[in-house]
Every structure is written in C-alpha cells, then in structure tokens.
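A.B. asks: okay, here's the prediction I keep looking at, along with the sequence it came from:
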Amino acid sequence: MNEFSAPLLAAEQLSVSVEQRILCKRLDWQVMPSQFWCVLGRNGIGKTTLLHTLAGLALPGEGRVAIQGKRIDRIQPQQLARLRGLLAQQQADAFSSSVLAAVIAGRHPYQFGFGWDREEDRAQAMQALQRVRMASFSEHDVMRLSGGERQRVALATLLTQDPLLLMLDEPTAHQDAAAQIVVMELLRKIANGLPRKKAVIAACHDINLVARYASHVLLLGDGQTWQGSADKVLQPQLLQAAFGCAFEVVDNGRQRMFMPLADTVSVSG
Ligand SMILES: Nc1ncnc2c1ncn2[C@@H]1O[C@H](COP(=O)(O)OP(=O)(O)OP(=O)(O)O)[C@@H](O)[C@H]1O
C-alpha cells in the first residue's frame, strides 16, 4: 500500500461522548486522499465533537484515530500540525494583529529557531489571502473584520499551514451566497489537486452545497451513521431519518436539491 492508496485518516471503532451522552458509537471510517467529505447532521448531534476527536484535540471514549496509519496520540505536535489542520467554528481574537500576521501564523509547523517569518512564508500567506479573496485586507486589524471576513482569514491561515488533511467546522456558516461558492470550490480544488495527496473533511449544514461539492458524506443520526459517496447517502429517506423532517427532491437537470418540507417540521414549543 502506498501513500495514495492508504487511508489518510482512519477511525476504528470510535466512540465519542460528552459527559454521559454517547454521540457516536463504534464508528469505522476511512478518508482516502483526494476525497472531499462533508459531515451532516442536526444541531447538537456531535459534528464538532467528532471533528475535534479526529483532530486529536479531544480523547475518544473508545477506539482510535490514525493518520497515515499512525495513531494520532503518538504523533509529535509539530508533525501532527503538518498532517492535519482544523478550522474552528468561531475565531476569538484576544488582541489586535494584522490580517497578514494572523495568516503567517499558519506557517508555525515549518518554523525553527527563533521562528521569524521568511519571505517565502509571507508570499505563501499572501497567496492564501488571494485564494479566499481577502488580499486587499492584509494590513487590516483582525479585530475589525466582519464575521465572514474573519472566517475567510482563518481559512487562509489553514491554507498556509498546508496540512494533508483539512478539517473544517462549518466553513460556509458566515459566508454570503457567492463566498460560499468560493469556499466550497476552493476545498474541492484542494482535495482534487495534484498529486492527490490531500483530503478535506467539512462539517456543514447546507445540504445543497454538500450535494454540489462533496464527493462523500458522513451523515450522523441518533445512534446511527450513514457513510459513502454523496449520491448514495444524500437520499430523502436517510435525510429524514437524520433530521426528523421530510425532504422534497428537486432535480434541475444539473443537480439534485433537497427542500425540507415545512409541514413535516414540528414548530410548536
Ligand atoms: N464542553 C461541553 N460540555 C458539555 N456538553 C457539551 C460540550 N460541548 C458540546 N456539548 C454538547 O455535546 C453535544 C454535541 O455538540 P457539538 O458541538 O459536537 O454538536 P454539533 O453537531 O457540532 O452542533 P451544531 O450543528 O449546533 O454546531 C451537544 O448536545 C452539546 O450541547
């Protein structure tokens, strides 16, 4: 097995809990290079907790996570930061900094000695800002950005970190309609990019963006998960089982769209 045919990420019999509640039980899951997985499921089902566990930021209740065949808890932090990176759902800035400085921070897994940034680090950071359409903000203060702008700057930081496995918690949540396309196109391009060594996992809420861009879907339901190609998992009956409401499928000839049916959603308090 070589680096292209071996799983980039493997979860084996992974159970994830919060306090006494089991969010995910004995999950077996493999992410191969060049795949773009989206994780779907209702609020509070455990997408963030699962991503944090897969990233090695939280311990699993049972089972294990391996990246390129190596247990994640046995990988040195600097090496781990080259293998996987996580875009958190929200960014908290405790102090002022320029956008460019915040993005250059993504180069830390490659810095040694005093850790001063090199010209190539700056160039890489500027290129990442261009890819997320934020280059003109490079000298702005991160504390003065809008929510959507700040999130795209965080995405640029992840791009400069340049890990093999990009994990993103709701990367389109704060983005307008056009910016959502920019973000999802970028993620698909990264997964598909030559030499096909990378993969993307993104927790998402927009089923139609997922249908348009993801190659694979992990759908979390209560005590149950469904996984596979996006076409296989994005089925109205599976979505209904996971979200508790019915979906109408509209096919415009280019793409299937999933519309939740309002009269199947319980809105009474
Ligand atoms: N630190 C914590 N302490 C206690 N419970 C927590 C903690 N963090 C999360 N939870 C609970 O764990 C469950 C899963 O939360 P998580 O954030 O993983 O869900 P999610 O699927 O990402 O939700 P959303 O779609 O709303 O972002 C929720 O019920 C949440 O209330």
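C.D. replies: Everything's here; your move.

A.B. asks: now do the strands in the stretch 1-150 of the chain.
C.D. replies: 9-18, 21-31, 36-40, 62-67, 70-71, 84-87 (DSSP state E, counting those that start in this stretch).

A.B. asks: dump the ones you listed to a markdown table, plus distance to the ligand, mean pLDDT and mean neighbour count.
C.D. replies: Where C-beta positions appear, they are placed from N, C-alpha and C, glycine not excepted. Compiled in a markdown table, these are given as follows (distance: least, CB to the nearest ligand atom, whole Å; pLDDT from 0 to 100; neighbours: other CB atoms under 10 Å):
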| stretch | distance to the ligand | mean pLDDT | mean neighbour count |
| --- | --- | --- | --- |
| strand 9-18 | 4 | 96 | 19 |
| strand 21-31 | 6 | 94 | 17 |
| strand 36-40 | 8 | 98 | 27 |
| strand 62-67 | 16 | 96 | 18 |
| strand 70-71 | 23 | 95 | 13 |
| strand 84-87 | 13 | 97 | 22 |
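
A.B. asks: among those strands, which comes closest to residue 252?
C.D. replies: Nearest of the strands of the stretch 1-150 of the chain to residue 252, taken as CB to CB: strand 36-40 at 20.3 Å.

A.B. asks: ok, and what's touching the closest one?
C.D. replies: Outside strand 36-40, the residues that touch it by CB atoms under 8 Å, 6 or more residues apart in numbering are 31, 47, 50-51, 187-188, 191-192, 199-205, 207, 210, 213-220, 230, 242.

A.B. asks: distance check, residue 155 against residue 85.
C.D. replies: Residue 155 is 10 Å from residue 85, where distance means CB to CB, to the nearest Å.

A.B. asks: out of the contacts of strand 36-40, which are inside strands?
C.D. replies: 31, 199, 200, 201, 202, 203, 216, 217, 218, 219, 220 (DSSP state E).

A.B. asks: list buried residues within the residues you listed.
C.D. replies: Among the ones in strands among the contacts of strand 36-40, those buried by neighbour count (16 or more other CB atoms under 10 Å) are 31, 199, 200, 201, 202, 203, 216, 217, 218, 219, 220.
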